[in-house]
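**Student:** Generate a structure from the sequence data that follows.
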Amino acid sequence: MDIRSGQELAWENKVAKRFNTTNIPLEFCLLQVEISEAFHEWRKGGTNIGKELADAAISLLGLAGMTGVDLQAEVEAKLAKNSPHIYQRRPDDVLAKNSGESG
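**Tutor:** Model (predicted):
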């Protein structure tokens with residue numbers, strides 16, 4: 001399944017089950033909850049991290065539908081923009097773009 005198809009399925013599911021389709025601030029909060037649940041599952045070494053990540057992905061896809069964002073196009077554009085970037089690991093173990101790059 002591609003991102004666009006997933007976005008359409010997530011939207012159809014929201015409508016069919018009468019989930020939130022209009023309150024965007026609430027949806028951002030619900031997405032944060034899903035991400036938090038995935039982190040908690042990972043941190044405790046649980047076996048349901050895939051299910052929690054799937055919940056987060058479905059929530060993100062639904063939010064993209066609510067906001068009219070073509071998430072597939074945005075992800076493809078962002079990956080293309082980021083592909084030439086060169087990163088260096090800092091002493092604090094964080095990756096940072098070379099200072100001469102922009103964007």
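
**Student:** Just the strands from this protein, written as ranges.
**Tutor:** Secondary structure of the chain by DSSP state E: the strands cover 87-89, 95-97.

**Student:** is it possible to export the ones you listed to a markdown table including mean pLDDT?
**Tutor:** Converted to a markdown table, these look like this (pLDDT from 0 to 100):
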| stretch | mean pLDDT |
| --- | --- |
| strand 87-89 | 91 |
| strand 95-97 | 88 |
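
**Student:** Looking at the ones you listed, which is nearest to Leu61?
**Tutor:** strand 95-97 (26.9 Å; Cβ to Cβ). Yep, even glycine has a C-beta here, placed from its N, CA and C like the rest.

**Student:** what's in contact with the closest one?
**Tutor:** With contacts defined as Cβ atoms under 8 Å, 6 or more residues apart in numbering, strand 95-97 is touched by 85-90.

**Student:** what sits against the residue nearest in space to the middle of the chain?
**Tutor:** For the chain, the residue sitting closest to the mean C-alpha position, by Cα atoms, centre = their mean, is Leu60 at 5.2 Å. Residues counted as contacts of Leu60 (Cβ under 8 Å, 6+ apart) are 31, 71.

**Student:** Any figure for the gap between it and Ala80?
**Tutor:** 20 Å (Cβ to Cβ, to the nearest Å).

**Student:** Check Asn20 too.
**Tutor:** Applying Cβ to Cβ, the value for Asn20 to Ala80 is 32 Å.

**Student:** for Ala64, same thing?
**Tutor:** 18 Å.

**Student:** out of the two, which sits in the more crowded spot?
**Tutor:** Between Ala64 and Ala80, counting by other Cβ atoms under 10 Å, Ala64 is the more crowded of the two (21 against 9).

**Student:** The more buried one reaches Leu71, doesn't it?
**Tutor:** Yes. Counting by Cβ atoms under 8 Å, Ala64 touches Leu71, with 4.0 Å between them.

**Student:** just how off-centre is stretch 29-47 within its chain?
**Tutor:** Chain-centre distance of stretch 29-47: 13 Å, with Cα atoms, centre = their mean, to the nearest Å.

**Student:** residue boundaries of the helices in the protein?
**Tutor:** Counting by DSSP state H, the chain has these helices, from start to end: 3-16, 24-43, 49-67, 71-82.

**Student:** Right, I'll call it a day here.
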